[in-house]
Each structure stands twice: as C-alpha cells, then as structure tokens.
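S.K.: one predicted model, sequence on top.
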Amino acid sequence: MKIFAERLIELRKSKGISHENLASAIGVTRTAISHWEKNKVEIIAQHVVKLADFFGVTTDYLLGREN
C-alpha cells in the first residue's frame, strides 16, 4: 500500500488541502488520513472510493494499478 500512501499525499498536497479539511470532506478523522499517509493502517474500500471521487481520479490510480 506504499503507492497508495504516496499518491494520497501527492493529491492532497497538490490541492493544498489539510488533513483536517480532507477528513471532513470524506467523513473520517484527521488521524485516519495521517495513518493512511504513513501506511500505518489499511484503508477500507468505501474510503478509497470516497477519496477517488473527491480527487477526481480512479480507485485503480489511488491503489497503484494504473498511472
């Protein structure tokens, strides 16, 4: 899931969004965003979909299955 963590950081920073704002937008805690970015916990499919929708990318992109 290292690719996921890297892509999440890249997308969040490219949009200038804080952990707090992203967490609020998709309905999770700031800590969850931080843990995903540090690859401390696995993300569930429901949250991958919410992140993909939020950033306008595919779930396959977030998961490193496509470029």
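M.R.: Yes, it's here.
S.K.: secondary structure class for the residue positioned nearest the centre of the chain?
M.R.: Nearest to the mean C-alpha position of the chain, by Cα atoms, centre = their mean, lies residue 8 at 4.1 Å. Three-state assignment for residue 8 (DSSP: H, G, I helix; E, B strand; the rest coil): helix.
S.K.: any idea of the pLDDT on it?
M.R.: pLDDT, residue 8: 97.
S.K.: going forward, the N-terminal residue is numbered 58.
M.R.: Okay, using 58 as the starting number, the last item reads as residue 65.
S.K.: and the gap between it and residue 101?
M.R.: With the distance defined as Cβ to Cβ, to the nearest Å, residue 65 ends up 14 Å from residue 101. Placement of C-beta: from N, CA and C, glycine included.
S.K.: cool, and residue 63?
M.R.: Distance from residue 63 to residue 101, by Cβ to Cβ: 19 Å.
S.K.: what about those two, which has more around it?
M.R.: residue 63 (13 against 9; other Cβ atoms under 10 Å).
S.K.: measure that one to residue 94 for me?
M.R.: Relative to residue 94, and taking Cβ to Cβ, residue 63 is found at 9 Å.
S.K.: and residue 83, by the same measure?
M.R.: 14 Å.
S.K.: what do you get for residue 108?
M.R.: Using Cβ to Cβ, residue 108 is found at 11 Å from residue 94.
S.K.: shared neighbours of these two, which are they?
M.R.: residue 65 (Cβ atoms under 8 Å, 6 or more residues apart in numbering).
S.K.: which one of the two has more residues nearby?
M.R.: When residue 108 and residue 94 are compared for neighbours, residue 108 comes out ahead with 24 against 18, by other Cβ under 10 Å.
S.K.: quick check: that one touching residue 83?
M.R.: Yes: under the criterion of Cβ atoms under 8 Å, residue 108 makes contact with residue 83 at 6.3 Å.
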